[in-house]
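Student: need a 3D model of the following:
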Amino acid sequence: MKKLAILFYLVIGISAHAALAQGSNIVKTELSQAEIDRIIKTFTANEGAFREALTNYVFNRSATISTIGMGGQVTGVYRRDSFMTFTSDGQRFERITYFPVPPIKEIDVTPEDLEDLGGVNPFALEPRSVSQYNFTYLGKEKIDDLNLHVFEIAPKVIPDPKKSKLRLFSGRVWVDDRDLLIVKSKGKAVPEDKKNKYPVVETWRENVDGKYWFPSYITADDQLEFDSGYVVHLRMKVTYKDYTEGKTDVRIMDEEDVPNDPKAKPAASPTPKKPE
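Tutor: Numbering: from 1, shown residues only. The predicted structure is shown next:
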């Protein structure tokens, strides 16, 4: 059987460009390079704040991964419900609350495959990682009541899977044009190798405590093609809920206070509707 590894961001199958372009209503918008750089600096600073803040929360996660056969019937299901929190040194702690014997045969799903879904590092574009990526501004798109900047994200260098376990994000992010916070992402993990292929993952976030945008709803529906010719149709749904805060002094970086004003916090944007 083949091993499947899944990246939270995060969360591209047969054709990355085609998959990301489907259903797009992006309006080309002219911005100066200085303005684009300012937007990138601010939303990546906020990503760093969100990552730090998440270590002060507990939450519940429910993950379901299904394989789909001919005619659209479900041929196997992997289900894992967990209560998530963090130790004093910031390490993830998972207490499994529901985990039936997985009747899934087409792929192997290991604990490592679900690591990123546990909230250890769902914010791939935080400041310390920015230098690894190229950012291309595509324009603006309106989703529900939100006006969003859209960026194409690509690693500058694809890690060699034989030499490194590093996984990077490749895809798009949607950034609220008022508070400059990522509210949606769609993409995949790279690099892939002969036995490890990754689905396109679409992640929606929700506003928590009026300050942070944390993962809320994740979906994937993709064909994974392995080098041997083996093909798996996979669907995934992951929900996060019941975020409860512990003690935290993490603040949100406003676009005008990167990184100086310790009191400024942007007003919360409305949470976009989740797909049906």
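Student: the lengthiest helix in the chain: how far from the chain's middle?
Tutor: What stands out as the longest helix in the chain, according to DSSP state H, is helix 33-54. Between the centre of helix 33-54 and the centre of its chain there are 15 Å (CA atoms, centre = their mean, to the nearest Å).
Student: start the count at 58 instead of 1 going forward.
Tutor: Understood, numbering begins at 58; the last thing we discussed is helix 90-111.
Student: buried sites along that helix?
Tutor: Within helix 90-111, the residues that qualify as buried are 95-111, counting by 16 or more other CB atoms under 10 Å. Where you see a C-beta, it was placed from the backbone N, CA and C, and this is true even at glycine.
Student: Lys298 contacts Val115, correct?
Tutor: No - because the distance of 11.3 Å does not satisfy CB atoms under 8 Å, Lys298 is recorded as not touching Val115.
Student: more crowded one of these two?
Tutor: It is Val115, of Lys298 and Val115, that has more neighbours when counted by other CB atoms under 10 Å, with 16 against 11.
Student: ok, that one touching Thr144?
Tutor: No - taking contacts as CB under 8 Å, Val115 lies outside contact range of Thr144: 11.8 Å.
Student: residues in contact with Glu131?
Tutor: Check again: residue 131 is Val, not Glu. Contacts here follow CB atoms under 8 Å, 6 or more residues apart in numbering; on that basis Val131 touches 123-125.
Student: switch the cut-off to 10 Å
Tutor: Contacts of Val131 were listed using CB atoms under 10 Å, 6 or more residues apart in numbering, and they are 123-125, 160-161, 292.
Student: surely Glu259 is within a strand?
Tutor: Yes - when the secondary structure is assigned by DSSP: H, G, I helix; E, B strand; the rest coil, Glu259 falls within a strand.
Student: near it, how many other residues are there?
Tutor: Around Glu259 sit 22 other residues, with neighbours defined as other CB under 10 Å.
Student: cool, and Thr86?
Tutor: Neighbour count for Thr86, taken as other CB under 10 Å: 13.
Student: which parts of the chain are strands?
Tutor: Counting by DSSP state E, residue ranges of the strands within the chain are 59-61, 114-125, 131-143, 149-155, 164-166, 190-200, 203-212, 225-233, 239-247, 258-265, 269-282, 288-302.
Student: as a markdown table, these with mean pLDDT and distance to Glu183 would be great.
Tutor: Compiled in a markdown table, the strands of the chain are given as follows (pLDDT from 0 to 100; distance: least, CB to CB, whole Å):
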| stretch | mean pLDDT | distance to Glu183 |
| --- | --- | --- |
| strand 59-61 | 49 | 26 |
| strand 114-125 | 92 | 17 |
| strand 131-143 | 90 | 17 |
| strand 149-155 | 88 | 17 |
| strand 164-166 | 77 | 27 |
| strand 190-200 | 96 | 11 |
| strand 203-212 | 95 | 13 |
| strand 225-233 | 93 | 11 |
| strand 239-247 | 90 | 11 |
| strand 258-265 | 91 | 15 |
| strand 269-282 | 90 | 13 |
| strand 288-302 | 92 | 19 |
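Student: which one of these lies nearest to Lys85?
Tutor: The stretch from these with the least distance to Lys85 (CB to CB) is strand 190-200; that distance is 4.4 Å.
Student: buried ones in the closest one?
Tutor: Of the residues in strand 190-200, 190, 192, 194-198 count as buried by neighbour count, 16+ other CB under 10 Å.
Student: ok and it relative to strand 239-247, angle-wise?
Tutor: Put simply, strand 190-200 runs at 140 degrees to strand 239-247, going by axes from the mean of the first three to the mean of the last three CA atoms, to 10 degrees.
Student: the residue lying farthest from the centre of the chain and Lys199, how far apart?
Tutor: Seen from the C-alpha centroid of the chain, the residue lying at the greatest distance (CA atoms, centre = their mean) is Gly128, 29.8 Å away. Per CB to CB, to the nearest Å, Gly128 is found 37 Å from Lys199.
Student: please consider this matter closed, and thank you.
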